[in-house]
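Peer 1: Predicted coordinates and the sequence they were generated for:
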Number of protein chains: 4
Amino acid sequence: MTDFNIRAAELCEAGKTMYAMGMVPATSGNFSARLNDGSIAITISGRHKGQLTPSDIMRIDVQGKPIDPQRPSAETALHTQIYARYPEIGAVLHPHPMNATLVSRRWKEFIDLRDYELLKAFPGITTHATNVNVPIFDNDQDIPRLAVQVDAYLEENSPVFGYIIRSHGLYTWGNTIADAMRHIEAFDYLFGCELQLKGK
Amino acid sequence: MTDFNIRAAELCEAGKTMYAMGMVPATSGNFSARLNDGSIAITISGRHKGQLTPSDIMRIDVQGKPIDPQRPSAETALHTQIYARYPEIGAVLHPHPMNATLVSRRWKEFIDLRDYELLKAFPGITTHATNVNVPIFDNDQDIPRLAVQVDAYLEENSPVFGYIIRSHGLYTWGNTIADAMRHIEAFDYLFGCELQLKGK
Amino acid sequence: MTDFNIRAAELCEAGKTMYAMGMVPATSGNFSARLNDGSIAITISGRHKGQLTPSDIMRIDVQGKPIDPQRPSAETALHTQIYARYPEIGAVLHPHPMNATLVSRRWKEFIDLRDYELLKAFPGITTHATNVNVPIFDNDQDIPRLAVQVDAYLEENSPVFGYIIRSHGLYTWGNTIADAMRHIEAFDYLFGCELQLKGK
Amino acid sequence: MTDFNIRAAELCEAGKTMYAMGMVPATSGNFSARLNDGSIAITISGRHKGQLTPSDIMRIDVQGKPIDPQRPSAETALHTQIYARYPEIGAVLHPHPMNATLVSRRWKEFIDLRDYELLKAFPGITTHATNVNVPIFDNDQDIPRLAVQVDAYLEENSPVFGYIIRSHGLYTWGNTIADAMRHIEAFDYLFGCELQLKGK
């Protein structure tokens, strides 16, 4: 259980950081991490994301079935889809940064981030003279259906570091929870810049 | 008195959180919770809402009459009106988020929140594909008169999760203080989005 | 010295609060409080306002002459002017809120705050249905000359709860340090509202 | 080693402050301080700037060659260029304030800061009635080439208190780490004002 305890503590800490940044208001958002045995630690549905303790984290299997008796996040299928597709990925984080929500109301199918030094926060990017494309999917309460749509997009496009669900929030991932947090900070900063500059 | 102590501590904690969010500047705002015996714990008039201790909380009866010797919030009638109408409600919170004040200067009789995932923060809402209407009442120093106006609105409309008083602030409520805090975070986020998007 | 120690500790705490609000960047701002013997405790020139300790506070007399060996704030004359004019005033606070600086670049001789509930944060105001006029003076490195100009304005106008120096910052005061802090929070909120609404 | 320990601790503390201000997201930024023996303490490449400990700081010589076995910041040459040019300078700080990035996308070759009281945060400036010119260089992954360009600019212009790299961040320096932090707070405030006022 040491493995679970370490990841659970990291997810709680990440939740506190995102709450302080205003990214997980009103119990929104959900977070997960892959465990050594291939199962997944994920936030229990409906918990306050700025006050998480390990008792707010449970285990599911790779198909999203609960191993522990609680009910996992309603968006579990969007987490397992990422773990199934990318074997190296160890964490999936889904906050609701206001900048992501605003981008999704002002851009249509994607936002293109271009020429920023901070793009180097994403793996494999070594220069600002490039672009990162972030797709925007329409929101859908049918999570398995949305997961299929995301999976089809990721099959056709590479690399993808995260995506936005319209009027909803951001999904991003990384080899570790720290890597995924780095992506969240980079996306939020870059979305903030683009919103400030749009139409200027 | 255990019941009072627990609720008073929760109201103090909620005050600290709202103060850190900039929502209760300059001793503004007032908060209350229903106690087991039907009386109400409410903030004493004029206290610093980011530095509340249980000595800043007093008891009133359901008509708003003081049980303890201090003077309750000047807006007590707006709290008791909610408790009288909704027997399940356990907490009423009234901060002054700048976003609520700005919404009330840019919208007229109501603001309509539509298509946001975060609408699911409100009880009974299970999809983004809906709308939540938040009425805006003109400010009035005659609080009993304002309470009558609010009560008439709530008689005609359901569900209502909160309302704005123009150039003043937000009223929202919940079964518990945590529920009312969740509504505050959701309203503030959604008002912030609408303000950013208006006219864009 | 107990009197000095209490006020000095309160000024340090107020400085930490204002620094956390971003209002005293880069060692800017200065704060003072009147002592029982009629002398004044004031911040020493050039200290970090978010890390104040009582050793950063010194005493001056009512004419602004140092009682202690250090050099008081360069703007001492703007503090003593207020204490000389208003015998009931116990504290003068001068932060540099960005909202005050921005107001002074977008309004000319004054800003008029009108119809806000938060106006009741100022003494003697009991309704939102009023207005508070905040004068804006051009900046001047000749502080005694600026103090004369402020004094002439205050002679002609009453009540005045604070003023802005253009591209510089805010002066406000109160019977206690807590009262002056309440005015700072109210002014910052109201300036923020007016800036967001201007031209909308 | 006492000298290294003191500066390393100060750089860690400065990093925490800048992270809390949102200025070093996603492990961005790098910081250094000159040591008594002429060598330089600098952040190791890729570390989280809000969680720095002295083990995240290493020593380089004046040419930027590592004295300790780790890999210093990729932008080391921009630090050593400043130390070589200005013998009195004891610290160089490079955060990524969003305001600096936005300024660099909305202004072309420089931004001129004029008439602000806060300009007095920079050494030798004693009045608001002046201007500070901040050059903006295009971003370049060839850091030695960029350092040559910066050096040529500083050869021709004086005084210069900092510069922006486009879509990247801010470089500033001071006799001490505290002085450089004061410049960061002043630049961020002044860039924020200029962005709010542009086109108004």
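Peer 2: Done, it's in. Residues are numbered from 1 along each chain as shown, chains lettered A, B, ... in the order given.

Peer 1: Please, where are all the helices along chain A?
Peer 2: A:2-20, A:76-85, A:98-106, A:143-156, A:177-197 (DSSP state H).

Peer 1: out of these, which comes closest to chain D?
Peer 2: Proximity to chain D, assessed across these by Cβ to the nearest Cβ, is greatest for helix A:177-197 (3.8 Å). From N, CA and C alone the C-beta is placed, and that goes for glycine too.

Peer 1: list the buried ones in the closest one?
Peer 2: Buried residues in helix A:177-197, counting neighbours by 16 or more other Cβ atoms under 10 Å in any protein chain shown, are found at A:177-196.

Peer 1: contacting residues around whatever residue of chain A ends up closest to chain C?
Peer 2: For chain A and chain C, the shortest gap (Cβ to the nearest Cβ) falls at A:A20, measuring 13.1 Å. Residues near A:A20 by Cβ atoms under 8 Å, 6 or more residues apart in numbering or on different chains: A:G50.

Peer 1: so how far is A:G50 from it?
Peer 2: Distance, A:A20 to A:G50, by Cβ to Cβ, to the nearest Å: 7 Å.

Peer 1: what's the answer for A:D188, then?
Peer 2: 16 Å.

Peer 1: Spell out which residues of chain A are next to chain B.
Peer 2: Contact residues (Cβ under 8 Å from any Cβ of the partner chain) of chain A with chain B: A:22, A:25-28, A:48, A:96, A:98, A:101-102, A:105-106, A:139, A:141, A:165, A:167-169, A:195, A:199.

Peer 1: Retrieve the pLDDT associated with A:L102.
Peer 2: According to the prediction, A:L102 has pLDDT 98.

Peer 1: And for it, the neighbour number?
Peer 2: A:L102: 21 surrounding residues under other Cβ atoms under 10 Å in any protein chain shown.

Peer 1: Likewise for A:S158?
Peer 2: If you count neighbours by other Cβ under 10 Å, A:S158 ends up with 6.

Peer 1: what do you get for the one 3 residues further on?
Peer 2: Summarising burial for A:F161: neighbours were counted as other Cβ under 10 Å, giving 21.

Peer 1: okay but it is in contact with A:D179, surely?
Peer 2: No. Assessed by Cβ atoms under 8 Å, A:F161 is found out of contact with A:D179, at 10.2 Å.

Peer 1: give me the number of residues near A:L35?
Peer 2: Residues near A:L35, counting by other Cβ under 10 Å: 18.

Peer 1: Just the local confidence number for it, please.
Peer 2: The model reports A:L35 with a pLDDT of 98.

Peer 1: For it, which non-adjacent residue is spatially closest?
Peer 2: Nearest residue to A:L35, sequence neighbours excluded (Cβ to Cβ, 6 or more residues apart in numbering or on different chains): A:D3, at 5.3 Å.

Peer 1: for A:I42, same thing?
Peer 2: Distances taken as Cβ to Cβ, 6+ apart put A:S32 closest to A:I42, at 4.0 Å, once the chain neighbours are dropped.

Peer 1: ok, now A:P25?
Peer 2: In this structure, A:P25 finds its nearest non-sequential neighbour in B:E185, 3.8 Å apart by Cβ to Cβ, 6+ apart.

Peer 1: isn't that neighbour right next to B:F122, touching?
Peer 2: No. With contacts defined as Cβ under 8 Å, B:E185 does not count as touching B:F122, sitting 11.4 Å away.

Peer 1: Kindly tell me how buried the nearest residue to A:I136 once chain neighbours are set aside is, as a neighbour count.
Peer 2: Nearest non-adjacent residue to A:I136, counting by Cβ to Cβ, 6+ apart: A:I164, 4.6 Å away. Other residues near A:I164 number 26, with proximity taken as other Cβ under 10 Å.

Peer 1: what does the one 5 residues further on give?
Peer 2: Residues lying near A:G169 (other Cβ under 10 Å) number 24.

Peer 1: what's the spacing between the residue lying closest to it once chain neighbours are set aside and C:K198?
Peer 2: Leaving aside its sequence neighbours, A:G169 sits nearest to A:H96 (Cβ to Cβ, 6+ apart; 3.6 Å). Using Cβ to Cβ, we find A:H96 at a distance of 30 Å from C:K198.

Peer 1: which one of those two has more residues nearby?
Peer 2: Between A:H96 and C:K198, A:H96 has the larger neighbour count (other Cβ under 10 Å), namely 24 against 13.

Peer 1: rewinding a little: the residue nearest to A:I136 against A:N139, yeah?
Peer 2: No. Judged on Cβ under 8 Å, A:I164 makes no contact with A:N139 at a distance of 9.9 Å.

Peer 1: about what we covered before: and the gap between the residue nearest to A:I42 and chain D?
Peer 2: Separation of A:S32 from chain D (Cβ to the nearest Cβ, to the nearest Å) stands at 21 Å.

Peer 1: One more: A:H168?
Peer 2: Relative to chain D, A:H168 is positioned 22 Å away (Cβ to the nearest Cβ).

Peer 1: what sits against that residue?
Peer 2: A:H96, A:T101, A:S104, A:N139, B:Y116, B:E117, B:H128.

Peer 1: Determine how far the last residue of stretch A:110-124 lies from the first.
Peer 2: By Cα to Cα, to the nearest Å, the extent of stretch A:110-124 from end to end equals 21 Å.

Peer 1: Equivalent analysis for stretch A:126-136, please.
Peer 2: End-to-end distance for stretch A:126-136: 25 Å, by Cα to Cα.

Peer 1: Rounded mean pLDDT for that stretch, please.
Peer 2: Across stretch A:126-136, pLDDT averages out at 97.

Peer 1: Which residues of chain A lie near chain D?
Peer 2: Residues of chain A lying near chain D by Cβ under 8 Å from any Cβ: A:115-118, A:121, A:126-129, A:178, A:182-183, A:185-186, A:188-189, A:192-193, A:196-197, A:200.

Peer 1: Any regions of chain A where pLDDT drops low?
Peer 2: Within chain A, the stretches with pLDDT under 70 are A:1.

Peer 1: For the closest residue to A:Y189 other than its chain neighbours, give me its contacts.
Peer 2: Distances taken as Cβ to Cβ, 6+ apart place D:P25 nearest to A:Y189, at 4.8 Å, with adjacent residues excluded. If you count contacts by Cβ under 8 Å, 6+ apart, D:P25 has them with A:L118, A:A121, A:E185, A:A186, A:D188, A:Y189, D:H96.

Peer 1: And the furthest pair within the residues you listed?
Peer 2: The distance between the two most remote of the contacts of D:P25 (Cβ to Cβ) is 12.6 Å, for A:D188 and D:H96.
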